[in-house]
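**Student:** next come a sequence and a model predicted from it.
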Amino acid sequence: MSDPRALADGETLIAEFPADRATYLRDHAAMAALAMGGAMFILWWVGNPHVWTGAVAGLAAITIRGWYLQSEELAVNWLLTNRRLLGPPGRTVMLRDLTKARGLGSAVQIVTASGDKHLIKYQADKDAVIAQIDAAREVA
């Protein structure tokens, strides 16, 4: 069985966009802070006298989520060629079909002419990723 991300004849690799571990951890720390504050607010709002348990619950929820998904999320590596973007298995986006690449948190969202949207998540320098995609689109 051949690699579905194998390059076609005349296609050249321009860049790779692997998920960044430090960015993943930073994003989860921010999510934990939001979850802690949100859970505490809800407990306060409903009149629970143990508001502090919301902080514990929010931290636990995001920590478990982060631990559980870490190996999967950090294994994702997008490839940019002179013709297309190749993502996790089954995701191929032709550069000529791209209408927009924009930042969304630490991710880069790419939008196609048909309205399909994909996220290149946990990028340490999303602006550099957007610049490389835009430069490749101009040449393609």
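**Tutor:** In hand now; what should we look at?

**Student:** from Ala30, how far off is the residue nearest the centre of the chain?
**Tutor:** Centre of the chain computed as the mean C-alpha position; nearest residue by C-alpha atoms, centre = their mean is Lys121, 1.4 Å away. For Lys121, the distance to Ala30 (C-beta to C-beta, to the nearest Å) stands at 14 Å. Glycine gets a C-beta too; all of them are placed from N, C-alpha and C.

**Student:** show me what contacts the residue in the chain sticking out farthest from the centre?
**Tutor:** Largest separation from the mean C-alpha position in the chain: Pro49, at 37.7 Å (C-alpha atoms, centre = their mean). For Pro49, the contact set (C-beta atoms under 8 Å, 6 or more residues apart in numbering) is empty.

**Student:** could you rerun that using 10 Å?
**Tutor:** Leu43 (C-beta atoms under 10 Å, 6 or more residues apart in numbering).

**Student:** could you look up the SS state of it?
**Tutor:** coil (DSSP: H, G, I helix; E, B strand; the rest coil).
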